[in-house]
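J.: Coordinates for the following, if possible.
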Amino acid sequence: MSIDVQKIDRALNPSTVAVVGDKKVTGYMWLRNMSTFTGPVYSVQIDPSDIPGIEEMGIPNYSSLTEIPGDVDYVLVAVPRRVAPFVLKDAIDKGVGGVGMFTSGFAETGSDEGVELQERVTQMALDAGLVLLGPNCMGLFNAELGVRFGQDQVAGEGGPVVFLSQSGGHGGAFSVAAQSSGVKLNKVVSFGNGVVLENADWLEYFAQDEATEFIAMYVESVRDGRRFFRLLKEACQIKPVVIWKGGQTAEGKRATSSHTGAIAESMDTWDVVIRQAGAIRADSMTETVDILKALTTFAPFTGDGIGLTGGSGGQSVSMSDAFSKAGLRVPMLTQASFDRLEEFFQVIGASYLNPVDMGGMNRPMMESIVDILSGDANVDVVVMQLSPRELQRSAERGAAHVAALTRAREETGKPVAAVLFSPDPYGDGEALKELDLQLQAAGIPSYPSYERAAFSIRKVADYYRRREALQ
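T.: I've put the predicted structure just below:
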């Protein structure tokens, strides 16, 4: 293995943190971000106008990293680019575990000074064997330990998902999107220009990390395509990897160059890499989170037969269309299931074909319908449409529907998911969120549309099918 696992372990799981260069004008953003950290936090600042505010927060301040007593495991650097090499020298002299360099204005600017400074910083870190995130990055979010780079990131509880990002903005937004959707995070690593550790290195590290079960990546460019492909293929045999590729168009490629100095490869090449490695392609943050919701809640499965219920009339037709267009089957149920449904199902304005169109009279029998649907031999995944307006009228019925899905999953081992339908999602926002939280607590992923549910389920099934074929 070409990376130093122990050094990266120390940097990403720090016992002590220092922030260099935080200022009053930014509201002491970085020190406030670290307010959730479980260990000691130190400040390094020499501007006399900024020091009183730091001391008012009860954070000890020093004039250099070398003056801080004891070991320092992780350092966040937020200084002007011309000062960065001097701070990095202190970090090396101090023997810190790792540095997250928020400082930008390096090679991504295309300026001679920026390029020269980046080369100097890079060589210093390489010579010292220092774990360097960046420059031009947000650094580390360790959910369990409370090392944050944004105050919207929820700390205190870890999870199985790691997100690796060349974009700091995407790293921060993904943290919020994932956590609000019930996707529990282990770490988010924003590494910007990635002069020392880039996509392939982080992939190699987290593929062997036992605390990481799922990897998602926002990739703009890779330094060594052959190495990245080899490591991606190896990683996908161990755990799912979701690749969200930035710079898919000519305009996007141009933007990546000014963003992190990346040179984006053609999307045709990336399609081949992702497919042959056995990874999962996503094309947006929303799709990345949707896929992770399915990955983290479903047991591995390879079947593509979808059992649908909860809608009525045209909704059932639209559900069938959406899942079929996504490449999934909506099969007829077995005769045994038809026989059981026939015993109680009211067919006036309804139908017990798949989808099970319940109409209005059969909704009190939802639990029995879900039991039959989930137990059907032709059904591999159960998806139920739920309406927050209907469930608002009867909280008891809403809890029963969630319980029915939970029981179906536990008794059959089959994946279950929900689609939350509202003709007025803004007006029903609070009710939708409350219902989503109930489902999250039960470990059931929910989606706001048939299409998003269908594509997520298909991509996850495809992943497990490819992995099974390669083993």
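
J.: Tell me if I'm right that residue 87 and residue 79 touch.
T.: Yes: Residue 87 is within contact range of residue 79, at 5.6 Å (criterion: C-beta atoms under 8 Å). C-beta coordinates here come from the backbone N, C-alpha and C atoms, glycine included.

J.: These two - which one has more neighbours?
T.: residue 87 (22 against 19; other C-beta atoms under 10 Å).

J.: Who are the contact partners of that one?
T.: By C-beta atoms under 8 Å, 6 or more residues apart in numbering, the residues touching residue 87 are 20-21, 44, 65, 77, 79.

J.: gap between it and residue 103?
T.: 8 Å (C-beta to C-beta, to the nearest Å).

J.: can you check residue 115 too?
T.: In terms of C-beta to C-beta, residue 115 sits 15 Å off from residue 103.

J.: When these two are compared, which one has more neighbours?
T.: residue 103 (25 against 15).

J.: secondary structure class for that one?
T.: Following DSSP: H, G, I helix; E, B strand; the rest coil, residue 103 is assigned to coil.

J.: measure the spatially closest residue to it that is not a sequence neighbour to residue 353 for me?
T.: Leaving aside its sequence neighbours, residue 103 sits nearest to residue 84 (C-beta to C-beta, 6 or more residues apart in numbering; 4.8 Å). Distance, residue 84 to residue 353, using C-beta to C-beta: 66 Å.

J.: and what of residue 128?
T.: Residue 128 sits 67 Å away from residue 353, going by C-beta to C-beta.

J.: all strands for the stretch 51-200 of the chain, in order.
T.: 61-62, 74-77, 98-101, 131-133, 139-142, 161-165, 185-190 (DSSP state E, counting those that start in this stretch).

J.: Looking at the ones you listed, which is nearest to residue 416?
T.: In terms of C-beta to C-beta, the element of those nearest to residue 416 is strand 161-165, at 20.2 Å.

J.: on that earlier part again, who has more neighbours out of residue 84 and residue 353?
T.: residue 84 (28 against 13).

J.: got the contact list for the more buried one?
T.: Contact analysis of residue 84 by C-beta under 8 Å, 6+ apart lists 77, 101, 103, 117, 121, 135.

J.: Now render these as JSON lines, adding distance to residue 216.
T.: As requested, the contacts of residue 84 are exported to JSON lines (distance: C-beta to C-beta, whole Å):
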{"residue": "77", "distance to residue 216": "26"}
{"residue": "101", "distance to residue 216": "23"}
{"residue": "103", "distance to residue 216": "26"}
{"residue": "117", "distance to residue 216": "31"}
{"residue": "121", "distance to residue 216": "28"}
{"residue": "135", "distance to residue 216": "23"}
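
J.: circling back: out of the strands of the stretch 51-200 of the chain, flag the one nearest residue 374.
T.: Of the strands of the stretch 51-200 of the chain, nearest to residue 374 by C-beta to C-beta is strand 161-165, at 26.7 Å.

J.: Show me what that closest one is packed up against.
T.: Using 3 or more C-beta pairs under 8 Å, 6 or more residues apart in numbering; DSSP states H and E, the elements in contact with strand 161-165 are helix 168-180, strand 185-190, helix 199-208, strand 214-219.

J.: buried residues in the second one?
T.: Using 16 or more other C-beta atoms under 10 Å as the burial criterion, the residues of strand 185-190 that qualify are 185-190.

J.: ok, and what's touching that strand?
T.: Contacts of strand 185-190 (C-beta under 8 Å, 6+ apart): 12, 133, 137-144, 149, 153, 158-168, 171-172, 174-175, 178-179, 202, 211-212.

J.: Relative to residue 104, how far out is the residue nearest to residue 103?
T.: Taken as C-beta to C-beta, the span from residue 84 to residue 104 is 10 Å.

J.: Need the residues touching each of those two.
T.: Residues touching both residue 84 and residue 104 comprise residue 135, with contact defined as C-beta under 8 Å, 6+ apart.

J.: Can you tell me how far residue 80 is from residue 412?
T.: Residue 80 is 60 Å from residue 412, by C-beta to C-beta.

J.: again with residue 36
T.: Distance of residue 36 to residue 412, given as C-beta to C-beta: 40 Å.

J.: Likewise for residue 368?
T.: On the measure of C-beta to C-beta, residue 368 and residue 412 end up 15 Å apart.

J.: Contacts only, for residue 232.
T.: Counting by C-beta under 8 Å, 6+ apart, residue 232 touches 203, 241, 243, 273-274, 277, 279.

J.: Show me what counts as buried in the host helix or strand of it.
T.: Per DSSP states H and E, residue 232 falls inside helix 225-236. Neighbour counts over helix 225-236 (16+ other C-beta under 10 Å) mark 227-229, 231-233, 235-236 as buried.

J.: For the nearest residue to residue 207 once chain neighbours are set aside, which residues are in contact?
T.: Excluding the flanking residues, the one nearest residue 207 by C-beta to C-beta, 6+ apart is residue 235, at 3.8 Å. Contact partners of residue 235, counting by C-beta under 8 Å, 6+ apart, are 203-204, 206-207, 215, 241.

J.: first to last residue in stretch 34-49, what's the distance?
T.: 21 Å (C-alpha to C-alpha, to the nearest Å).

J.: Residue 331 contacts residue 305, doesn't it?
T.: Yes: using C-beta under 8 Å, residue 331 is in contact with residue 305, at 4.8 Å.

J.: any weak-confidence spans in the stretch 301-450 of the chain?
T.: Applying pLDDT under 70 to the stretch 301-450 of the chain flags residues 346-352, 358-364, 394.

J.: other SSEs contacting the longest helix along the chain?
T.: Determined from DSSP state H, the single longest helix within the chain is helix 450-470. On a contact count with 3+ C-beta pairs under 8 Å, 6+ apart, helix 450-470 meets strand 280-282, helix 285-297, helix 314-325, strand 381-386, strand 416-420.

J.: Burial check on residue 267, number of neighbours?
T.: For residue 267, the count of nearby residues is 17 (other C-beta under 10 Å).

J.: same thing with residue 246?
T.: 21.

J.: measure it to residue 297 for me?
T.: Distance check for residue 246 against residue 297: by C-beta to C-beta, it reads 27 Å.

J.: what does residue 435 give?
T.: 16 Å.

J.: okay, the two: which has more neighbours?
T.: residue 435 (23 against 20).

J.: Provide a list of residues in contact with that one.
T.: Taking C-beta under 8 Å, 6+ apart, we find residue 435 in contact with 386, 388, 391, 398, 420, 446.

J.: try 7 Å
T.: Residues near residue 435 by C-beta atoms under 7 Å, 6 or more residues apart in numbering: 386, 388, 391, 398, 420.

J.: give me the beta-bridge partners of the nearest residue to the first one once chain neighbours are set aside?
T.: Okay, so that is residue 386. Computed as C-beta to C-beta, 6+ apart, the closest residue to residue 386 that is not its neighbour in sequence is residue 418, at 5.2 Å. Beta-bridge partners of residue 418, counted by DSSP bridges, are residue 384, residue 446.
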